[in-house]
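*Asks:* Below are the sequence and a predicted model; questions follow.
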Amino acid sequence: MKVKHLLNTVVLCHFFVLSAYAQKQHSINEQWLNERKNIEKTTVLLNNQQRAVPILNLAGNKIASISFGLKESAVFDSILNNYATVKSFRAADYQLAPATLADLSYDVKFFNTLIISVNNTDLDDGKLLQFITDNLKSKTIIVTAFGDVHMLAKLKNVKVPVMWTAQQSALSANYVAQAIIGGMPVVAKLPVNVSAKYRKGDGFLTQVTRLSYTVPEEVGVNIAELENPIDSIAAEAISKRATPSAVIMVVKDGKVIFNKAYGHHTYDGVAPTKTTDIYDLASITKVTATTPSVMRLVEQGKLNLDSTISNYIPKVRQTDKKDIKVRQVMLHQAGFIPFIPFFKSIKPGDFSRDSSAAYPVKAGENYFFRKNYFRDVMWPQMLNSPVRDTSKYVYSDLSMYFMKEIVEGLSNEHLENYVQENFYRPLGMQTAGYLPLYRFSKDRIIPTEVDTLYRNMLLVGYVHDPGAAMVGGVSGHAGLFASSTDLAIFYQMLLNGGSYGGKRYFKPATVKTFTSSQSMVSSRGYGFDRKRAGSSYPSAYASVNTFGHTGYTGTRVWVDPEYKLVYILLTNRVNPVTSTALFDLNISQRISDAIYHAFHIDKKQ
C-alpha cells in the first residue's frame with residue numbers, strides 16, 4: 001500500500017507540474033498575442049501604389065533579405081522562409097563602405113526582390129540610400145523600417161514600398177515578415193505628420209492572402225488543451241514503437257496554431273525530428289499530385305469525367321478496360337484489382353547495379369532498371385490485369401497509374417514537372433515534389449523501410465512504394481515527398497475554394513465537386529477520401545464534408561470545411577520494418593479527436 005501511495009503521489013506531482021507549466025505557457029501566449037495586436041495597430045505601409053506588398057508572385061521570384069540594422073534579423077528571415085526560399089545577407093559584413101556595398105550589389109545581382117531592413121541610425125548613411133537607388137533599376141525593393149516614426153523623413157526620396165513599425169523586437173520582426181508576404185494584414189495609418197511626403201492618415205491597407213503563424217489562443221484555444229493530449233499520444237506512439245518520428249500540424253481559420261516535431265528519424269535516436277523534415281507521403285500523392293492535375297485538365301476542358309479511359313489511352317482500346325469511364329477510375333470503382341506485385345517479375349537482365357544508357361531508371365542506390373521497363377513489362381501487366389465488378393468500391397493503386405498516363409498525355413508534360421509548374425512553385429511550396437534527393441540532402445529526408453523485396457537497402461529519399469520505385473520514383477499513386485508546411489499550404493488552398501496567395505488555382509465549384517461525395521457505394525469523392533458516415537473515421541467529431549487522404553508510410557491529411565480545420569500527421573511507421581502499431585493504438589484518430597476536443601466540438605456527427 002505504501003508503494004502504491006508513493007506512486008500516486010508521484011503521478012499527482014507530475015500532473016500538477018505539467019498543469020502549472022501549461023498555465024504559464026497559456027499566459028505567455030496571451031501576452032504574446034496582445035503585444036502582437038498592438039504592433040499590428042501601429043504598423044504602417046507606405047508607397048505601395050504598385051501593390052508590391054504583399055508579395056504575390058513566388059514562382060521564379062528569387063528573394064533576398066538584407067539586414068542593415070535589425071538585431072532580430074534571424075527571426076525576420078526565419079519567418080520569411082515559411083513562405084519562400086529567402087537568402088539572408090547582413091550589411092554589417094560589407095561595413096557600409098561604398099566599395100563593399102558594391103560587392104553586396106554584385107552578390108544580389110541574380111535576385112528579383114530585395115527586402116531591406118533598416119533602423120534610424122542606418123538611414124544617416126547616404127550610401128544605404130544609394131544602394132537602394134542602384135538596385136531599383138532591375139529589382140523590386142521593399143524597405144522595412146524599425147524605430148521612431150520620424151525616421152521616415154529620411155526616406156522622403158524613396159519611391160519603393162516602406163513598412164514602418166515603432167518597435168524593434170522579435171515580435172515586430174515576426175509580424176512585419178508575415179505582412180510582407182501576406183500572412184498578416186496591414187490595418188494601420190500613419191499616426192502623425194512626418195514630412196510633406198508622409199502625412200497623418202497615410203497608409204495602404206492589405207489583407208491576409210496566405211497562412212498566418214500564430215498561437216492557439218488567437219482562435220480561442222488554450223495551448224494546454226491542445227498540446228498536452230497531443231504530446232501524450234505522440235510520446236505513446238514513439239515509446240511503443242508505432243513510429244520513430246512524427247510531425248503534427250493544426251491549421252484553424254487559415255492560421256497555423258500548432259506545428260511540432262517528435263522523436264527521431266530512426267530508433268537509434270541520433271537525428272532529432274524537425275518540423276522542416278521531408279516525408280515520403282505515399283498515397284497522399286494521389287490527391288496532392290494526380291488528382292489536382294485531373295482537376296486542372298477538367299477545368300480546361302481537356303478531360304471529361306464521363307469519357308472512357310480508352311478515349312485518352314489508345315493502348316486500352318484492345319483490352320477489357322476500353323469502356324471504363326474516368327469517373328469510375330477516380331472513384332476506385334473501375335473494377336481494377338488492388339495492386340500488382342511487380343517486383344515478383346524482376347529478372348536478372350531487368351536491372352543493373354550501375355547506371356547507363358541501357359539502365360537509366362533509378363530505383364535506389366546502385367539499382368537501375370533497364371530502359372522502357374515500364375512500357376515493356378509493367379504497363380502490359382496492368383493492361384492485361386482482370387477487370388472485376390465495377391459496381392463495387394475497391395481501392396486500387398492501378399487507378400492512379402492509369403490517371404498519370406492520361407494526365408501526361410493531355411498535358412504533354414511529365415507529371416513531376418506539371419505539378420511543380422502549375423501548383424507547387426506558384427504556391428510557395430518549397431519541399432514538395434518527386435525525387436527529393438535531386439534537391440535536398442539526405443539529412444533532411446526521413447528514412448522509411450529497410451527494403452528486402454529487391455533493393456536491400458534502407459530507403460532515404462527513394463520512394464518506399466516498390467512499384468513507384470520501379471518506374472523511377474514518379475508515379476500517380478506514390479512518390480511525392482513534402483514537409484508539413486507544404487501540405488498545409490496546398491490544403492489551405494483547397495479549403496479556400498481553390499485560391500491562395502492572391503491567385504486562383506481552381507474554381508470553387510471544381511473543388512466542391514471533387515471533394516464531395518460522388519459515389520453510391522462508398523463515401524469517396526473523385527480521388528479524395530472522405531468522412532465515413534456512421535463511423536469515427538477520421539475522427540468521431542469530424543463534419544460529414546471532411547476530406548483528405550492517408551498514406552501507407554503513416555501519413556495523413558484531413559480538411560474539415562465546416563470548422564475551417566486542417567490536420568496533418570506525418571510519420572515513418574514503416575521504419576525499420578512495417579508496423580501496424582500506429583493503427584492498433586489508433587494514434588491518428590486519437591490525435592484528431594483531441595484537436596476537436598480542444599475546440600469543444602464534442603457532438604458526434
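*Replies:* Structure received.

*Asks:* Report how many residues lie close to Q492.
*Replies:* Neighbourhood size, Q492 [other C-beta atoms under 10 Å]: 22. Quick note: C-beta positions are derived from backbone N, CA and C, even for glycine.

*Asks:* Which secondary structure state is assigned to it?
*Replies:* Taking DSSP: H, G, I helix; E, B strand; the rest coil as the rule, one finds Q492 in the helix state.

*Asks:* Ok, Y279 next?
*Replies:* Assigned by three-state DSSP, the conformation of Y279 is strand.

*Asks:* show me where the stretch 501-605 of the chain has helices.
*Replies:* With helices called from DSSP state H, counting those that start in this stretch, the stretch 501-605 of the chain shows them at 508-515, 581-584, 587-598.

*Asks:* among these, which is nearest W558?
*Replies:* helix 587-598 (6.8 Å; C-beta to C-beta).

*Asks:* starting at the chain centroid, how far to that closest one?
*Replies:* Helix 587-598 has its C-alpha centroid displaced from the chain centroid by 20 Å (C-alpha atoms, centre = their mean, to the nearest Å).

*Asks:* And for stretch 232-252?
*Replies:* Distance of stretch 232-252 from its chain centroid, counting by C-alpha atoms, centre = their mean, is 18 Å.

*Asks:* what mean pLDDT would you report for it?
*Replies:* Mean pLDDT, computed over stretch 232-252, is 98.

*Asks:* Show me what counts as buried in it.
*Replies:* Of the residues in stretch 232-252, those with enough neighbours to count as buried (16 or more other C-beta atoms under 10 Å) are 233-234, 237-238, 242-252.

*Asks:* right, and the pair among those residues with maximum separation?
*Replies:* With distances taken as C-beta to C-beta, the most widely separated pair in these is P244 and K252, at 28.2 Å.

*Asks:* In three-state terms, label the residue nearest to the spatial centre of the chain for me.
*Replies:* Taking C-alpha atoms, centre = their mean, the centroid of the chain lies closest to D486, which sits 1.2 Å from it. When states are read from three-state DSSP, the local structure at D486 comes out as helix.

*Asks:* swap in A153?
*Replies:* Look at A153: counting by three-state DSSP, its state is helix.

*Asks:* what sits against the nearest residue to it once chain neighbours are set aside?
*Replies:* Counting by C-beta to C-beta, 6 or more residues apart in numbering, A153 lies nearest to S195, which is 4.5 Å off, once chain neighbours are set aside. Listed by C-beta atoms under 8 Å, 6 or more residues apart in numbering, the contact partners of S195 are 152-153, 156.

*Asks:* before we move on, back to that, ok, the buried residues of stretch 232-252 vs R455, which is closest?
*Replies:* Among the buried residues of stretch 232-252, P244 lies closest to R455 (C-beta to C-beta), at 20.1 Å.

*Asks:* so what's the backbone phi/psi at the closest one?
*Replies:* Dihedral angles of P244 (phi, psi; degrees, to the nearest 10) stand at phi -80, psi -20.

*Asks:* That one is in contact with V270, isn't it?
*Replies:* No - contact between P244 and V270 fails when scored by C-beta atoms under 8 Å: they sit 10.6 Å apart.

*Asks:* what's the overlap in contacts for the two?
*Replies:* H264.

*Asks:* what residues are up against the residue nearest to the centre of the chain?
*Replies:* The neighbours of D486, taking C-beta under 8 Å, 6+ apart as the test, are 424, 429-432.

*Asks:* mind giving me a markdown table with those residues and columns for secondary structure, pLDDT and distance to V298?
*Replies:* Below are the contacts of D486 laid out as a markdown table (DSSP: H, G, I helix; E, B strand; the rest coil; pLDDT from 0 to 100; distance: C-beta to C-beta, whole Å):
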| residue | secondary structure | pLDDT | distance to V298 |
| --- | --- | --- | --- |
| Y424 | helix | 98 | 20 |
| M429 | coil | 97 | 22 |
| Q430 | coil | 97 | 28 |
| T431 | coil | 98 | 27 |
| A432 | coil | 98 | 22 |
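
*Asks:* Just the buried ones from those, in ChimeraX syntax?
*Replies:* Applied in ChimeraX, the following selects the buried portion of these according to 16+ other C-beta under 10 Å:
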select :424,429,430,431,432
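
*Asks:* Tabulate the contacts of D486 in TSV, adding columns for distance to S73.
*Replies:* Converted to TSV, the contacts of D486 look like this (distance: C-beta to C-beta, whole Å):
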residue	distance to S73
Y424	28
M429	25
Q430	20
T431	23
A432	27
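
*Asks:* Closest to N135 out of the contacts of D486?
*Replies:* The closest of those, once distances to N135 are taken by C-beta to C-beta, is Q430, at 24.6 Å.

*Asks:* How about the contacts made by G479?
*Replies:* Neighbouring residues of G479 by C-beta under 8 Å, 6+ apart: 285, 289, 416, 434-435, 463, 465, 468, 473.

*Asks:* Let's see that with 6 Å instead.
*Replies:* Taking C-beta atoms under 6 Å, 6 or more residues apart in numbering as the criterion, G479 is in contact with 285, 434, 463, 468, 473.

*Asks:* Help me confirm that the fourth one is found in a strand?
*Replies:* Just to be clear, that refers to A468. No - counting by three-state DSSP, A468 is not found in a strand; it is helix.

*Asks:* I'd like to know which of the contacts of D486 is nearest to L80.
*Replies:* The nearest one, if we look at these relative to L80 and count by C-beta to C-beta, is Q430, at 11.5 Å.

*Asks:* if I pick the closest one, what's in contact with it?
*Replies:* Remark: with contacts taken as C-beta under 6 Å, 6+ apart, Q430 is in contact with T85.

*Asks:* Give me the distance between it and T214.
*Replies:* Taking C-beta to C-beta, to the nearest Å as the measure, Q430 and T214 are separated by 20 Å.

*Asks:* which residue sits closest to M378, ignoring its sequence neighbours?
*Replies:* Skipping the residues right next to it in sequence, M378 comes nearest to F342 by C-beta to C-beta, 6+ apart, at 5.4 Å.
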